[in-house]
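Chemist: Show me how the following folds:
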Amino acid sequence: MYIPTDDEIVALDSLPPCETGAPSPIVLADEFRTFVAYYARAIASTQATWDAVPISDPMEEPVVLLEFSLCYAHLFGPPNDEAFSGHPLFEKGLRPYTMAEVRHSSWIASLERMNSVHPHHRPERFQSRRHFILPFHDSTFECIADGVQAHFHRGSVQSAVSVAAQMLRERG
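Modeler: A predicted model of the protein is given here:
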């Protein structure tokens, strides 16, 4: 893992928030893209940029499918919300259920140092990489990627993963 130094936490309010009780996240990845599907927090406001509306039909639940482009590395596991204060970035302001980006990421710096032994290493390749953190109820997802795009889906998390699998197959 990494030891935070100059890391700065920036909340990503543009990403749809997860359901706090049971977001049931699923990760699907290949060497170029990583998808994370989760149940979205149903909200009454139609002002949300991702247009979430409360739904009572369990087959029409609001699901978010995040697509991370050129995902270089990812972690999925602890901590859960009850042990979140043990996360290395908690002291920097990272909080449960708050989707965030880490600016001046120590993890990216450590990956760049690790890669520096490669004969064709180019440090500038790491400058565009971004560190994302998605704290869920029972787990946390972190990744280093070039960007993220949110897709809105209705149904189940499993049906959103089927959509992601199709998107991976169509990559040409």
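Chemist: Helix, strand, or coil at the spatially most central residue of the chain?
Modeler: For the chain, the residue nearest the mean C-alpha position is residue 134 (4.6 Å; C-alpha atoms, centre = their mean). Look at residue 134: counting by DSSP: H, G, I helix; E, B strand; the rest coil, its state is strand.
Chemist: Report the secondary structure state of the residue lying closest to it once chain neighbours are set aside.
Modeler: Ranked by C-beta to C-beta, 6 or more residues apart in numbering and with sequence neighbours excluded, the top spatial neighbour of residue 134 is residue 141, at 4.3 Å. Every C-beta, even on glycine, is put in place using the N, C-alpha and C of the backbone. Classification of residue 141 using three-state DSSP returns strand.
Chemist: now do residue 83
Modeler: With three-state DSSP as the criterion, residue 83 reads helix.
Chemist: For it, give its distance to residue 138.
Modeler: From residue 83 across to residue 138, the span is 10 Å (C-beta to C-beta, to the nearest Å).
Chemist: Residue 108 now?
Modeler: Using C-beta to C-beta, residue 108 is found at 26 Å from residue 138.
Chemist: With neighbour numbers in mind, choose between these two.
Modeler: residue 108 (21 against 14; other C-beta atoms under 10 Å).
Chemist: And the pLDDT for residue 125?
Modeler: Residue 125 carries a pLDDT value of 87.
Chemist: nearest spatial neighbour of residue 90, skipping sequence neighbours?
Modeler: That would be residue 84: by C-beta to C-beta, 6+ apart, it lies 6.3 Å from residue 90.
Chemist: Confirm for me that the one you found is in contact with residue 97.
Modeler: No - assessed by C-beta atoms under 8 Å, residue 84 is found out of contact with residue 97, at 9.2 Å.
Chemist: Pull up the overlap in contacts between these two.
Modeler: residue 135 (C-beta atoms under 8 Å, 6 or more residues apart in numbering).
Chemist: Quick check: pLDDT value at the residue lying farthest from the centre of the chain.
Modeler: The C-alpha centroid of the chain is most remote from residue 119, which lies 31.0 Å away (C-alpha atoms, centre = their mean). Looking at residue 119, its pLDDT is 91.
Chemist: and if you look at residue 2?
Modeler: Reported pLDDT for residue 2: 76.
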